[in-house]
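Participant: this one's structure only:
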C-alpha cells in the first residue's frame, strides 16, 4: 500500500514537459495567380455535326451528356489561363479558346477524341483536354455500332452573366 501511495505521489509531483514555442507572424502574401474565371460553352445540338450514328443513339441525351461535362473541361483549361492571366492583368486582351473536336463513341461507351482545329498553339492544353475526355468521359453502352460527331467547344476568357 505504501508503494502504491509513493507512486501516486511521485506522479503527482512530475511536471509535464512544455515545449518552447516561438510565434513568428506570417506576412500576408498576395496570390500570384487567379483561377480561370471564364466559362466553357458546350455545344448545343444545332452546333454539332453528326458524321455517323450506326448505334442509333439518342442525340438529345447525348447533348445533355456533353452539357454536363463542362466542369471537367473548365478544370483542364485552368493552367492555360493561369499562364495568360498576367497579360490580362496588364490590360491585354486574352482571346477565347476554340477547339473543334471529333468525338468517336464506341459501343462500350468509350470516347476517342481528336482535335480537328484550334485557335491556339499550346500543345499542353490540347493534351489535357484529350486526356480529360479519354480518362473521365463514359457513356452508356449500346448493343452495336458507334457515334461519330464533330463538336466545337469554346472557353470564354471572361465570363459576363448577360452575354451568351
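Facilitator: The structure has been received and is ready for your questions. Since the model is a prediction, treat every value here as computed from it, not as a measurement.
Participant: the residue nearest to residue 142 when sequence neighbours are not counted and residue 61: what is the separation?
Facilitator: Distances taken as CB to CB, 6 or more residues apart in numbering place residue 55 nearest to residue 142, at 4.0 Å, with adjacent residues excluded. Backbone N, C-alpha and C define where each C-beta goes, glycine included. In this view, residue 55 and residue 61 are 12 Å apart by CB to CB, to the nearest Å.
Participant: what's the answer for residue 44, then?
Facilitator: Distance from residue 44 to residue 61, by CB to CB: 14 Å.
Participant: now swap in residue 142 and tell me
Facilitator: Taking CB to CB, one finds residue 142 at 12 Å from residue 61.
Participant: other SSEs contacting the helix ranked longest in the chain?
Facilitator: Ordering each helix of the chain by length in residues (DSSP state H) puts helix 123-136 first. Under the contact criterion of 3 or more CB pairs under 8 Å, 6 or more residues apart in numbering; DSSP states H and E, helix 123-136 touches helix 70-76, helix 78-89, strand 97-105, strand 111-118.
Participant: would you tell me which of the ones you listed gets closest to residue 19?
Facilitator: helix 78-89 (39.7 Å; CB to CB).
Participant: what's next to stretch 48-57, contact-wise?
Facilitator: 59, 63, 102, 105, 107, 142-151 (CB atoms under 8 Å, 6 or more residues apart in numbering).
Participant: what are the bridge partners for the residue nearest to residue 117 when sequence neighbours are not counted, then?
Facilitator: In space, and not counting its chain neighbours, residue 117 is closest to residue 100: 4.1 Å by CB to CB, 6+ apart. Beta-bridge partners recorded for residue 100 (DSSP bridges): residue 117, residue 152.
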